[in-house]
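Asks: coords below, sequence missing:
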Ligand SMILES: O=C(O)C(=O)C[C@H](O)[C@H](O)COP(=O)(O)O
(Lines give C-alpha, C1' and ligand atoms only; values in the text may rest on other atoms or scores of the structure.)
Protein backbone atom coordinates (compact mmCIF):
# COMPACT_ATOMS: atom_id res chain seq x y z
CA UNK A 1 0.00 0.00 0.00
CA UNK A 2 1.20 3.51 -0.74
CA UNK A 3 0.00 7.02 -0.18
CA UNK A 4 -2.05 6.90 -3.39
CA UNK A 5 -5.74 7.03 -2.58
CA UNK A 6 -5.31 8.64 0.83
CA UNK A 7 -6.99 12.03 1.28
CA UNK A 8 -5.67 12.89 4.75
CA UNK A 9 -2.08 12.54 5.85
CA UNK A 10 -1.74 13.26 9.58
CA UNK A 11 1.64 14.72 10.57
CA UNK A 12 2.79 13.00 13.74
CA UNK A 13 5.21 14.24 16.38
CA UNK A 14 5.52 11.45 18.93
CA UNK A 15 7.61 11.11 22.08
CA UNK A 16 6.91 7.48 23.00
CA UNK A 17 7.16 4.84 20.26
CA UNK A 18 5.11 2.50 22.46
CA UNK A 19 2.08 4.66 21.68
CA UNK A 20 2.39 4.24 17.91
CA UNK A 21 0.23 1.09 17.54
CA UNK A 22 -2.66 2.64 19.49
CA UNK A 23 -2.23 5.86 17.52
CA UNK A 24 -2.39 4.01 14.19
CA UNK A 25 -5.45 2.08 15.38
CA UNK A 26 -7.18 5.31 16.45
CA UNK A 27 -6.55 6.88 13.04
CA UNK A 28 -7.86 3.75 11.33
CA UNK A 29 -10.89 3.77 13.60
CA UNK A 30 -11.53 7.34 12.44
CA UNK A 31 -11.20 6.33 8.79
CA UNK A 32 -7.62 7.50 8.11
CA UNK A 33 -5.25 4.83 6.82
CA UNK A 34 -1.85 6.47 6.92
CA UNK A 35 0.38 8.94 8.75
CA UNK A 36 3.59 10.83 8.22
CA UNK A 37 5.54 10.10 11.39
CA UNK A 38 8.22 12.75 11.65
CA UNK A 39 11.85 12.33 12.60
CA UNK A 40 11.53 15.48 14.68
CA UNK A 41 11.73 13.38 17.83
CA UNK A 42 14.12 10.61 18.88
CA UNK A 43 11.11 8.31 19.06
CA UNK A 44 10.12 8.90 15.43
CA UNK A 45 12.07 6.04 13.88
CA UNK A 46 10.89 3.40 16.35
CA UNK A 47 7.35 4.77 16.06
CA UNK A 48 7.49 4.21 12.28
CA UNK A 49 8.65 0.65 12.95
CA UNK A 50 5.78 0.00 15.34
CA UNK A 51 3.10 1.66 13.17
CA UNK A 52 4.30 -0.26 10.11
CA UNK A 53 3.30 -3.47 11.88
CA UNK A 54 -0.33 -2.40 12.23
CA UNK A 55 -2.47 -4.20 9.62
CA UNK A 56 -4.09 -2.00 6.97
CA UNK A 57 -2.07 1.02 8.08
CA UNK A 58 0.44 2.76 5.80
CA UNK A 59 3.27 4.24 7.86
CA UNK A 60 5.26 7.02 6.24
CA UNK A 61 8.16 9.13 7.42
CA UNK A 62 8.31 12.90 7.68
CA UNK A 63 11.06 15.47 8.18
CA UNK A 64 13.34 13.24 6.11
CA UNK A 65 16.33 15.46 5.44
CA UNK A 66 19.17 13.23 4.19
CA UNK A 67 19.75 10.12 2.08
CA UNK A 68 20.83 8.35 5.28
CA UNK A 69 17.43 9.23 6.79
CA UNK A 70 15.77 7.61 3.76
CA UNK A 71 17.73 4.41 4.40
CA UNK A 72 16.79 4.42 8.08
CA UNK A 73 13.08 5.02 7.57
CA UNK A 74 12.75 2.49 4.74
CA UNK A 75 14.53 -0.10 6.92
CA UNK A 76 12.00 0.73 9.64
CA UNK A 77 9.13 -0.02 7.26
CA UNK A 78 8.13 3.42 5.95
CA UNK A 79 6.12 3.16 2.72
CA UNK A 80 6.46 6.82 1.81
CA UNK A 81 8.92 9.59 2.53
CA UNK A 82 8.06 13.27 3.05
CA UNK A 83 10.43 16.22 3.30
CA UNK A 84 9.73 19.84 4.15
CA UNK A 85 11.80 20.89 1.12
CA UNK A 86 13.32 19.40 -2.02
CA UNK A 87 16.73 17.80 -1.54
CA UNK A 88 18.10 15.98 -4.58
CA UNK A 89 19.86 13.26 -2.55
CA UNK A 90 16.68 12.43 -0.60
CA UNK A 91 14.60 12.16 -3.77
CA UNK A 92 17.25 10.10 -5.59
CA UNK A 93 17.66 7.64 -2.72
CA UNK A 94 13.90 7.17 -2.33
CA UNK A 95 13.51 6.53 -6.06
CA UNK A 96 16.40 4.03 -5.92
CA UNK A 97 14.68 2.19 -3.08
CA UNK A 98 11.31 2.29 -4.84
CA UNK A 99 9.49 4.15 -2.10
CA UNK A 100 7.01 7.00 -2.73
CA UNK A 101 8.64 10.37 -2.12
CA UNK A 102 6.90 13.67 -1.54
CA UNK A 103 9.40 16.52 -1.39
CA UNK A 104 8.14 19.87 -0.23
CA UNK A 105 7.96 22.66 -2.80
CA UNK A 106 7.23 26.34 -2.32
CA UNK A 107 7.93 27.87 -5.73
CA UNK A 108 7.52 27.20 -9.47
CA UNK A 109 11.29 26.67 -9.69
CA UNK A 110 11.05 23.84 -7.16
CA UNK A 111 8.11 22.27 -9.01
CA UNK A 112 10.28 22.25 -12.15
CA UNK A 113 13.11 20.57 -10.25
CA UNK A 114 10.71 17.92 -8.95
CA UNK A 115 9.39 17.31 -12.47
CA UNK A 116 12.93 16.52 -13.61
CA UNK A 117 12.83 13.56 -11.21
CA UNK A 118 9.53 12.44 -12.74
CA UNK A 119 7.55 13.37 -9.65
CA UNK A 120 4.03 14.68 -10.08
CA UNK A 121 2.78 14.46 -6.50
CA UNK A 122 4.36 17.10 -4.31
CA UNK A 123 3.96 18.47 -0.84
CA UNK A 124 3.28 22.21 -0.74
CA UNK A 125 4.88 23.56 2.42
CA UNK A 126 4.08 25.74 4.31
CA UNK A 127 0.83 25.99 2.36
CA UNK A 128 -1.01 28.56 4.47
CA UNK A 129 1.73 31.18 4.81
CA UNK A 130 2.62 30.77 1.10
CA UNK A 131 -0.87 31.69 -0.10
CA UNK A 132 -2.92 28.51 0.24
CA UNK A 133 -5.41 27.83 -2.53
CA UNK A 134 -4.48 30.99 -4.41
CA UNK A 135 -0.96 29.65 -4.82
CA UNK A 136 -2.22 26.19 -5.79
CA UNK A 137 -4.49 27.70 -8.46
CA UNK A 138 -1.61 29.77 -9.80
CA UNK A 139 0.76 26.77 -9.96
CA UNK A 140 -1.89 24.55 -11.55
CA UNK A 141 -1.81 26.82 -14.62
CA UNK A 142 1.68 26.01 -15.88
CA UNK A 143 1.77 22.58 -14.18
CA UNK A 144 -1.58 20.93 -14.97
CA UNK A 145 -0.20 17.43 -14.37
CA UNK A 146 0.99 18.13 -10.82
CA UNK A 147 -1.07 17.28 -7.73
CA UNK A 148 -0.28 18.86 -4.37
CA UNK A 149 -0.38 17.84 -0.73
CA UNK A 150 -0.81 21.14 1.12
CA UNK A 151 0.74 21.06 4.59
CA UNK A 152 1.22 23.78 7.18
CA UNK A 153 -1.85 25.72 8.24
CA UNK A 154 -4.41 23.19 7.02
CA UNK A 155 -7.34 23.13 9.48
CA UNK A 156 -10.77 21.51 9.75
CA UNK A 157 -12.09 24.88 8.55
CA UNK A 158 -10.16 25.01 5.26
CA UNK A 159 -9.50 21.31 4.51
CA UNK A 160 -12.71 20.88 2.51
CA UNK A 161 -11.87 23.81 0.21
CA UNK A 162 -8.36 22.47 -0.38
CA UNK A 163 -9.72 18.99 -1.16
CA UNK A 164 -12.27 20.40 -3.60
CA UNK A 165 -9.41 21.61 -5.81
CA UNK A 166 -8.56 19.18 -8.62
CA UNK A 167 -4.90 20.11 -8.08
CA UNK A 168 -4.98 18.73 -4.51
CA UNK A 169 -4.78 14.95 -4.01
CA UNK A 170 -4.76 15.03 -0.20
CA UNK A 171 -4.24 17.39 2.72
CA UNK A 172 -1.78 17.04 5.54
CA UNK A 173 -1.78 18.42 9.05
CA UNK A 174 -1.29 17.82 12.71
CA UNK A 175 -4.69 18.82 14.04
CA UNK A 176 -6.28 15.35 14.33
CA UNK A 177 -3.37 13.82 16.26
CA UNK A 178 -1.39 16.51 18.02
CA UNK A 179 1.72 15.76 20.07
CA UNK A 180 -0.30 16.64 23.17
CA UNK A 181 -3.25 14.34 22.38
CA UNK A 182 -0.86 11.47 21.68
CA UNK A 183 1.12 12.06 24.88
CA UNK A 184 -2.15 12.18 26.84
CA UNK A 185 -3.15 8.86 25.20
CA UNK A 186 -6.42 10.46 24.17
CA UNK A 187 -7.02 7.98 21.37
CA UNK A 188 -10.80 8.44 21.50
CA UNK A 189 -10.35 12.11 20.69
CA UNK A 190 -7.86 11.31 17.90
CA UNK A 191 -10.39 8.89 16.38
CA UNK A 192 -13.16 11.49 16.75
CA UNK A 193 -11.12 14.26 15.09
CA UNK A 194 -10.08 11.88 12.32
CA UNK A 195 -13.68 10.87 11.68
CA UNK A 196 -14.72 14.55 11.63
CA UNK A 197 -12.00 15.23 9.05
CA UNK A 198 -13.04 12.32 6.85
CA UNK A 199 -16.64 13.47 7.01
CA UNK A 200 -15.63 16.84 5.59
CA UNK A 201 -15.26 15.19 2.20
CA UNK A 202 -18.59 14.72 0.44
O1 LIG B 1 8.24 18.44 9.81
C2 LIG B 1 7.93 18.24 8.65
O3 LIG B 1 8.61 17.62 7.87
C4 LIG B 1 6.64 18.67 8.17
O5 LIG B 1 6.16 17.94 7.38
C6 LIG B 1 5.95 19.89 8.62
C7 LIG B 1 4.45 19.66 8.66
O8 LIG B 1 3.98 19.39 7.39
C9 LIG B 1 3.72 20.78 9.22
O10 LIG B 1 4.33 21.18 10.41
C11 LIG B 1 2.27 20.48 9.50
O12 LIG B 1 1.71 21.70 9.81
P13 LIG B 1 0.51 21.98 10.81
O14 LIG B 1 -0.62 21.06 10.46
O15 LIG B 1 0.17 23.40 10.57
O16 LIG B 1 1.04 21.68 12.18
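Replies: Perfect, I can see it now. Just so you know, these numbers come straight off a predicted model, no measurement behind them.
Asks: C-alpha from now on. contacts and neighbour counts both.
Replies: Will do.
Asks: Going by length in residues, pull out the top helix of this protein.
Replies: helix 187-198 (DSSP state H).
Asks: hmm, who's touching that helix?
Replies: Residues from elsewhere that reach helix 187-198, judged by C-alpha atoms under 8 Å, 6 or more residues apart in numbering: 8, 22-23, 26-32, 156, 159, 175-177, 181-182.
Asks: which of these come close to the ligand?
Replies: Filtering these for proximity to the ligand (criterion: C-alpha under 6 Å from any ligand atom) leaves residue 175.
Asks: just the strands in the protein please.
Replies: All strands of the chain, identified by DSSP state E, fall at 8-12, 34-38, 58-62, 80-82, 100-102, 104-105, 121-124, 147-150, 171-173.
Asks: how many neighbours does the nearest residue to residue 21 once chain neighbours are set aside have?
Replies: Leaving aside its chain neighbours, residue 21 sits nearest to residue 51 (5.3 Å; criterion: C-alpha to C-alpha, 6 or more residues apart in numbering). For residue 51, the number of neighbouring residues by other C-alpha atoms under 10 Å comes to 28.
Asks: Hmm, residue 20 and residue 51 touching each other?
Replies: Yes: Residue 51 lies in contact with residue 20 (C-alpha atoms under 8 Å); the separation is 5.4 Å.
Asks: Could you give the number of residues near the closest residue to residue 128 other than its chain neighbours?
Replies: Leaving aside its sequence neighbours, residue 128 sits nearest to residue 153 (C-alpha to C-alpha, 6+ apart; 4.8 Å). By other C-alpha under 10 Å, 19 other residues sit near residue 153.
Asks: got it, and residue 192?
Replies: When neighbours are counted by other C-alpha under 10 Å, residue 192 comes out with 17.
Asks: And the helices in this protein, which stretches?
Replies: In the chain, the segments counted as helices under DSSP H are 20-29, 44-52, 67-76, 88-97, 108-116, 127-130, 132-140, 159-164, 179-183, 187-198.
Asks: what's the distance between the last one and the middle of its chain?
Replies: Distance of helix 187-198 from the chain centroid (C-alpha atoms, centre = their mean, to the nearest Å) equals 17 Å.
Asks: what's the answer for stretch 39-55, then?
Replies: Mean C-alpha position of stretch 39-55 versus that of the full chain (C-alpha atoms, centre = their mean) differs by 14 Å.
Asks: Buried residues, that stretch. List them.
Replies: If you call a residue buried by 16 or more other C-alpha atoms under 10 Å, then stretch 39-55 has these buried ones: 39, 41, 43-54.
Asks: cool, and stretch 70-82?
Replies: Result for stretch 70-82 [16+ other C-alpha under 10 Å]: buried residues 70, 73, 74, 76, 77, 78, 79, 80, 81, 82.
Asks: Thanks a lot, see you next time.
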